[in-house]
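**Q** This is the structure alone, sequence omitted:
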């Protein structure tokens, strides 16, 4: 993408983030927002607040008069606008839905943009993401990245932690409905654990040193949920792989799943993989 194109899509993403945030604001901490209204394209229950967030995203994208492919948790994949899509936009309209309806301050939005070239062959993958945006609505912290150009948190370049002693790190993790035998050794090896239930925000926390690492070793993490945060962390200087140490390379689809180890540096990364794979 050239500078003009990047500026357009950046402004579009910021506009949909602002309007989606405003749309869900009255539903934060409400019973109305928590009502299950359908099953999303990913096969999971959809709350009313999710629908409101996604509908506002679609409304903004339909108003720009630019063709694109939207991949979103509830609607799945849909083409918007007339003509050949120019980009694929991957959106989790509400990261941390359960937190939002209980007014726990870790919920927001994740948006990633991948350009579609005129000679594109085959589906785009997470490696094709060029721009990324994650916002924690509860704190207004705004994480962004452009591939090859860096990452920013509230307009400033973030710095991941430099810790190299696993026993001193703060680790975020997904452990809900897991066989704890898979991760118990890791939990015992770190200084402290955090479980917030907002994966895009938690991976972004690794980018600025709030966390030292984040792991989800289920092999069931939706790839689209981490599409933006992955780029943000990598552009800040951190590392992202699956639990086996392989680069994430899955196609952009609501049905694509992965595991994840996201860390501040290679030393911590190798230590976590050694423990996880040694279980």
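**A** Looks like it arrived, so ask away. Not measured: the values here are computed from a predicted model.
**Q** make it CA atoms for all contacts and neighbour counts henceforth
**A** Fine.
**Q** quick one: the strands in the stretch 151-279 of the chain?
**A** 170-173, 192-194, 213-222, 239-241, 257-263 (DSSP state E, counting those that start in this stretch).
**Q** quick one: contacts for the residue nearest to residue 33 when sequence neighbours are not counted?
**A** Nearest non-adjacent residue to residue 33, counting by C-alpha to C-alpha, 6 or more residues apart in numbering: residue 49, 4.5 Å away. Going by C-alpha atoms under 8 Å, 6 or more residues apart in numbering, residue 49 touches 24, 27, 32, 33, 34, 97, 101.
**Q** Quickly note the distance from residue 49 to residue 209.
**A** For residue 49, the distance to residue 209 equals 30 Å [C-alpha to C-alpha, to the nearest Å].
**Q** how about low-confidence regions in the protein?
**A** Residues of the chain meeting the criterion pLDDT under 70: 176-182, 279.
**Q** now residue 205: how far from residue 186?
**A** Taken as C-alpha to C-alpha, the span from residue 205 to residue 186 is 19 Å.
**Q** higher neighbour count, those two?
**A** Neighbour count, other C-alpha atoms under 10 Å: between residue 205 and residue 186, residue 205 has more, with 24 against 20.
**Q** which residues does the more buried one contact?
**A** Going by C-alpha under 8 Å, 6+ apart, residue 205 touches residue 211.
**Q** so residue 203 touches residue 233, yeah?
**A** Yes. Using C-alpha atoms under 8 Å, residue 203 is in contact with residue 233, at 7.0 Å.
**Q** Overlap of the contact sets of the two?
**A** residue 262.
**Q** Now do the longest helix along the chain: which elements does it pack against?
**A** Ranked by residue count, the top helix of the chain under DSSP state H comes out as helix 3-24. Judged by 3 or more C-alpha pairs under 8 Å, 6 or more residues apart in numbering; DSSP states H and E, the packing partners of helix 3-24 are helix 48-63, strand 108-115, strand 131-136.
**Q** now with 7 Å?
**A** Counting contacts by 3 or more C-alpha pairs under 7 Å, 6 or more residues apart in numbering; DSSP states H and E, helix 3-24 is packed against helix 48-63.
**Q** Next, the buried residues of the helix it packs on.
**A** Neighbour counts over helix 48-63 (16 or more other C-alpha atoms under 10 Å) mark 48-58, 60-61 as buried.
**Q** tell me the angle of that helix relative to helix 3-24?
**A** 150 degrees (axes from the mean of the first three to the mean of the last three C-alpha atoms, to 10 degrees).
**Q** Now find how far off-centre helix 48-63 is within its chain.
**A** 18 Å (C-alpha atoms, centre = their mean, to the nearest Å).
**Q** so it versus strand 108-115, what angle?
**A** Using the same axes, to 10 degrees: helix 48-63 against strand 108-115 is 30 degrees.
**Q** which residues touch the helix or strand just after helix 48-63?
**A** With elements assigned by DSSP states H and E, the helix or strand that comes after helix 48-63 is strand 68-72. With contacts defined as C-alpha atoms under 7 Å, 6 or more residues apart in numbering, strand 68-72 is touched by 77-81, 85-92, 253-254.
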